[in-house]
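Student: Would you be able to build a 3D model of this:
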Amino acid sequence: MCIHSFRGGTGKSNIAANLAAVAALDGKRVAVIDTDVASPGIHVIFGLGRQKLKHTLNDYLRGECDIKDACMDMTSELGIRRGQLFLIPSSMSATDITRILREGFEVSDLKNGFTEVIKAKNLDYLIIDTHPGLDRETLLSMATTDFLFVVARIDEQDLLGTAATLSVASKLQVPDTRIIINKKPSIYEDKAIIEEVERKFKTKVVTIIPMLQILTEVGSRYIVCLKHPESEFTQRMQEIYSVIK
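Tutor: Now for the predicted structure:
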């Protein structure tokens, strides 16, 4: 499945990491892959922000390692007792980022990587954290996914971008597409938002996540669902998980 947003800053990486944790806690074998090679960072949420990564997606795309070598088993480190949770990070090294942007890579290699890691780790779910916007890597991810969750804020630019994303998803015949409204200001009512968004985009809203103080306090330092299982944010993640379960 893909977690996507048209613009950056919507919180899609945080949602991807937490959704993976909820699935793993339910006994599933899950991997998260960071395909945002231009501005990676989901590994920070996994507590690896200051750790030197042995292998990354960049290495695989350059043909320097197997995709399995870049797949990190985070299960024990995160204290997950059921299921398994893997992470395939992208490099935050400025050298690696500029190199892959300058030289590019074969999109078919990325597709093959998806297939290989699903088979090698016997995954129930592969969660793709995409690059914002509609580049070729994102189009590939969307074209190969069973579920597409489009994350948007109550913001005119976000909503216009969401419309473009949904149009492309329709052309690519994505089997199941849903909208996640994130960072909702308290002045808006959920019911009114759902009615307006679903009417305008002809796509179901799976959940609405309000602006929560806990997310501001955490600041992407860890996976909220693991440390605060009773939080409202965890409840919202469980609502998303119920769609794919």
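
Student: Which parts of this structure are helices?
Tutor: Assigned by DSSP state H, the helices in the chain fall at 12-25, 42-45, 57-61, 94-103, 107-120, 136-144, 156-171, 190-201, 213-218, 224-227, 232-244.

Student: Once you drop chain neighbours, what's closest to residue 234?
Tutor: residue 225 (4.5 Å; Cβ to Cβ, 6 or more residues apart in numbering). Where C-beta positions appear, they are placed from N, C-alpha and C, glycine not excepted.

Student: Could you provide the helices of the chain in TSV, with additional columns for mean pLDDT?
Tutor: As requested, the helices of the chain are exported to TSV (pLDDT from 0 to 100):
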stretch	mean pLDDT
helix 12-25	97
helix 42-45	94
helix 57-61	95
helix 94-103	90
helix 107-120	94
helix 136-144	88
helix 156-171	93
helix 190-201	95
helix 213-218	90
helix 224-227	96
helix 232-244	96
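
Student: Of all those helices, which one is nearest residue 79?
Tutor: Evaluated over the helices of the chain, closeness to residue 79 peaks at helix 224-227, with 6.8 Å, by Cβ to Cβ.

Student: could you say what helices and strands that closest one packs with?
Tutor: If you count contacts as 3 or more Cβ pairs under 8 Å, 6 or more residues apart in numbering; DSSP states H and E, helix 224-227 packs onto helix 12-25, helix 213-218, helix 232-244.

Student: Out of those helices, flag the one nearest residue 142.
Tutor: Going by Cβ to Cβ, the one of these nearest residue 142 is helix 12-25, 13.4 Å.

Student: can you give me the angle that closest one makes with helix 232-244?
Tutor: If you take axes from the mean of the first three to the mean of the last three Cα atoms, to 10 degrees, helix 12-25 sits at 70 degrees to helix 232-244.

Student: Tell me the buried residues in helix 12-25?
Tutor: With burial defined by 16 or more other Cβ atoms under 10 Å, the residues of helix 12-25 counted as buried are 12-25.

Student: Equivalent analysis for stretch 149-169, please.
Tutor: Quick answer for stretch 149-169 (16+ other Cβ under 10 Å): 149-154, 158-159, 161-163, 165-166, 168-169.

Student: which ones are touching residue 33?
Tutor: 57, 87-88, 113-114, 117, 126-129 (Cβ atoms under 8 Å, 6 or more residues apart in numbering).

Student: make that residue 186, sorry
Tutor: By Cβ under 8 Å, 6+ apart, the neighbours of residue 186 are 210-211.

Student: now it: how far from residue 153?
Tutor: As judged by Cβ to Cβ, to the nearest Å, residue 186 and residue 153 stand 14 Å apart.

Student: cool, and residue 166?
Tutor: From residue 166 to residue 153 the distance is 15 Å (Cβ to Cβ).

Student: coming back round to it: present the buried residues of helix 12-25 as CSV; the columns should include distance to residue 220.
Tutor: Output for the buried residues of helix 12-25, formatted as CSV (distance: Cβ to Cβ, whole Å):
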residue, distance to residue 220
12, 12
13, 8
14, 6
15, 12
16, 12
17, 9
18, 11
19, 15
20, 15
21, 14
22, 17
23, 20
24, 19
25, 20
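
Student: wait, which of the residues you listed is closest to residue 71?
Tutor: The closest of the buried residues of helix 12-25 to residue 71 turns out to be residue 20 (Cβ to Cβ; 13.0 Å).

Student: which residues does the closest one contact?
Tutor: Here residue 20 is in contact with 30-32, 85, 125, 127 (Cβ under 8 Å, 6+ apart).

Student: Neighbours of residue 34, how many?
Tutor: Residues near residue 34, counting by other Cβ atoms under 10 Å, number 26.

Student: Bridge partners for it, pull those for me.
Tutor: Taking DSSP bridges as the rule, residue 34 bridges to residue 129.

Student: measure the closest residue to residue 10 other than its chain neighbours to residue 205 for me?
Tutor: Counting by Cβ to Cβ, 6+ apart, residue 151 is the residue found nearest to residue 10 once chain neighbours are left out, at 4.5 Å. Between residue 151 and residue 205 the computed distance is 11 Å (Cβ to Cβ).
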